[in-house]
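Asker: Next comes the sequence, and after it the predicted model I'd like to discuss.
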Amino acid sequence: METIPITDIKTGDIILTSGTTLLSEGIQEFQEMNNPYLGRFSHALIARWEGDILYATEAQKRGICNNDFVKRYMNDEYKTIMVLRFNQPIEDERLIQLMMPFIGNTRYDKLALIWQAIKMLTKGKLWLGEKKQNSRKFICSEWCAFVYNLYFEEHGERIFANESEMAPVDLALDKRFKRYLLK
């Protein structure tokens, strides 16, 4: 797989991380049942450049927030980082405008983690979670899919059929993204 430096990341890229926390490792265990290689990525975020600072716009336990990507992810806690670049161009400013109202105003959806685990255990055959994404609470991969749908629906296209069922591994498996490993 091709590698890229951090400076080649673009606003709108989805970044997947493979962490070492107890929660990260638990998510990895469930996802690896269906895909041993791509299942190791337990968190998803959307990259956003502001000047020369790369931000992670992401769903965390405190809700949707912005974090300095280098300070948060370029350390020993994260083993592998993958960048997903969509096969269609994304207008940076419009994507940012769509994300901003959710930052600091949206909760984390802890219950969705349980539904994701059941989905993985049943190899995608059973989904007990929300049928339509609730725009007031998200887990990381739901957030990424929701933002992409918001953006592309303005252009008459829906990217993900049901963002409420998205897991990081689902994003990684999507053939419309080119995959890169971060150097």
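Answerer: Alright, I've got the coordinates.

Asker: Any idea how far apart the tips of stretch 169-183 sit?
Answerer: In stretch 169-183, first residue to last residue: 21 Å (C-alpha to C-alpha, to the nearest Å).

Asker: go on, stretch 120-136?
Answerer: Distance between the boundary residues of stretch 120-136 (C-alpha to C-alpha) amounts to 24 Å.

Asker: buried set for it?
Answerer: For stretch 120-136, burial by neighbour count (16 or more other C-beta atoms under 10 Å) applies to 120, 129-130, 133. (Glycine included, C-beta is placed from N, CA and C.)

Asker: State the phi and psi torsions of the residue minimising distance to the centre of the chain.
Answerer: Against the mean C-alpha coordinate of the chain, by C-alpha atoms, centre = their mean, the closest residue is Ala44 at 2.6 Å. The phi/psi pair for Ala44 (degrees, to the nearest 10) reads phi -130, psi 150.

Asker: Surely it is in contact with Val147?
Answerer: No. Here Ala44 lies out of contact with Val147, judged by C-beta atoms under 8 Å, at a distance of 10.6 Å.

Asker: what's the next secondary structure element after the longest helix seen in the chain?
Answerer: Determined from DSSP state H, the single longest helix within the chain is helix 140-153. On the C-terminal side of helix 140-153, the closest following helix or strand by DSSP states H and E is helix 168-173.
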